[in-house]
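I would like to see how this sequence folds:
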Amino acid sequence: MTDDTPPPSPELTTHGVGPWVGEWPADDRLDPELLARGDTRNVIDRYRYWSMEAIVADLDAKRHPFAVAIENWQHDMNIGSIVRTANAFAAATVHIIGRKRWNKRGAMVTDRYQHVLHHATVDDFVAWAREHEMPIVAIDNVDGSVAIEEFDFPVECILLFGQEGPGLSAEALAAADSVVEITQYGSTRSINASAAAAIAMHGWIRQHAAKH
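Below you'll find the predicted structure:
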């Protein structure tokens, strides 16, 4: 990169576009700074050169009616990846329960485009869910859980995930309206937390996305 080359945007990826060539389009959604220097953000091509505010507004018009919640007692590094997946599947909101600070590296800056709420305790989270009449679907392989292949996800619900290793807390499991497990066929006792979250979110997508 030469001295007069514009620096990349903060969301540097291996994909992107350079500065806009020709007369700038008359579109309020576009960011003049990105038009001038290029857009290397981690966004789909449809959103190239769009401002962050315009992208969020467009997503808000088509988010799915499910939310994602994650317990954060041990600063689990999987949280960022789960947030990134929630953005990919256009979840309505992401809820962080416990510690407010979480490792954002795995999110690849997608948290900028995702509504993220914090709840200090499980009780606070449950109160929010009840107020918004959203059933809580816990994802964990514990006794009494329902196989994901046999579960009908509510259209409006919150998918609740635990941490790598310990899984969901006893308090969170007790508050859940349903507990769903991801069926496994190998020797491992559990799969990665972010992988489990992706499978569960796609389970909701398979059942409901075509209807919304």
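
Give me the most central residue, the protein.
Per C-alpha atoms, centre = their mean, the C-alpha nearest to the average position across the chain is that of A86, at 2.2 Å.

Low-confidence stretches in this protein?
Within the chain, the stretches with pLDDT under 70 are 1-14, 211-212.

What ranges does it have for its helices?
32-37, 52-60, 78-88, 122-131, 170-175, 193-208 (DSSP state H).

Can you say which of the ones you listed is packed in most?
Most buried of those by mean neighbour count (mean count of other C-beta atoms under 10 Å) is helix 78-88; its value is a mean of 23. C-beta coordinates here come from the backbone N, C-alpha and C atoms, glycine included.

other SSEs contacting that helix?
Contact partners of helix 78-88 among helices and strands, from 3 or more C-beta pairs under 8 Å, 6 or more residues apart in numbering; DSSP states H and E: strand 66-72, strand 94-98, helix 193-208.

can you do 6 Å?
Contact partners of helix 78-88 among helices and strands, from 3 or more C-beta pairs under 6 Å, 6 or more residues apart in numbering; DSSP states H and E: strand 66-72, helix 193-208.

any chance of the ones you listed in CSV, plus distance to N78?
Below are these laid out as CSV (distance: least, C-beta to C-beta, whole Å):
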stretch, distance to N78
strand 66-72, 8
helix 193-208, 4
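
To D39, which of these lies closest?
Smallest distance to D39 across these (C-beta to C-beta): 26.4 Å, for helix 193-208.

Pretty sure the residue nearest to the centre of the chain sits against H95.
No - judged on C-beta atoms under 6 Å, A86 makes no contact with H95 at a distance of 10.0 Å.

sorry, back to before: distance to A26 added to the helices of the chain, as a markdown table?
Listed next are the helices of the chain as a markdown table, based on distance: least, C-beta to C-beta, whole Å:
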| stretch | distance to A26 |
| --- | --- |
| helix 32-37 | 12 |
| helix 52-60 | 14 |
| helix 78-88 | 29 |
| helix 122-131 | 41 |
| helix 170-175 | 50 |
| helix 193-208 | 36 |
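
M201 contacts F89, correct?
Yes - if you go by C-beta under 6 Å, M201 and F89 touch, sitting 4.8 Å apart.

Now do the shared contacts for the two.
Residues touching both M201 and F89 by C-beta atoms under 6 Å, 6 or more residues apart in numbering: none at all.

How is this structure divided into domains?
1-51, 66-211 (automatic domain parsing).

For the ones you listed, state which one has the densest average packing.
Of all these, domain 66-211 carries the top mean neighbour count, a mean of 18, counting by mean count of other C-beta under 10 Å.

Nearest approach to G80 belongs to which of the helices and strands packed on helix 78-88?
Using C-beta to C-beta, the nearest of the helices and strands packed on helix 78-88 to G80 is helix 193-208, at 8.4 Å.

Only alpha carbons, please: show the closest one as PDB.
Only the C-alpha atoms of helix 193-208 are listed here, as PDB (Å, rounded to 0.1, in the frame of the first residue of the first chain):
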ATOM      1  CA  ALA A 193     -21.100 -24.200  21.800                       C
ATOM      2  CA  SER A 194     -21.000 -22.000  18.700                       C
ATOM      3  CA  ALA A 195     -21.600 -25.000  16.500                       C
ATOM      4  CA  ALA A 196     -24.600 -26.000  18.600                       C
ATOM      5  CA  ALA A 197     -26.000 -22.500  18.400                       C
ATOM      6  CA  ALA A 198     -25.700 -22.500  14.600                       C
ATOM      7  CA  ILE A 199     -27.500 -25.800  14.300                       C
ATOM      8  CA  ALA A 200     -30.300 -24.700  16.600                       C
ATOM      9  CA  MET A 201     -30.800 -21.400  14.800                       C
ATOM     10  CA  HIS A 202     -30.900 -23.100  11.500                       C
ATOM     11  CA  GLY A 203     -33.400 -25.500  13.000                       C
ATOM     12  CA  TRP A 204     -35.700 -22.500  13.500                       C
ATOM     13  CA  ILE A 205     -34.900 -21.200  10.000                       C
ATOM     14  CA  ARG A 206     -35.900 -24.500   8.400                       C
ATOM     15  CA  GLN A 207     -39.200 -24.500  10.100                       C
ATOM     16  CA  HIS A 208     -40.200 -20.900   9.800                       C
END
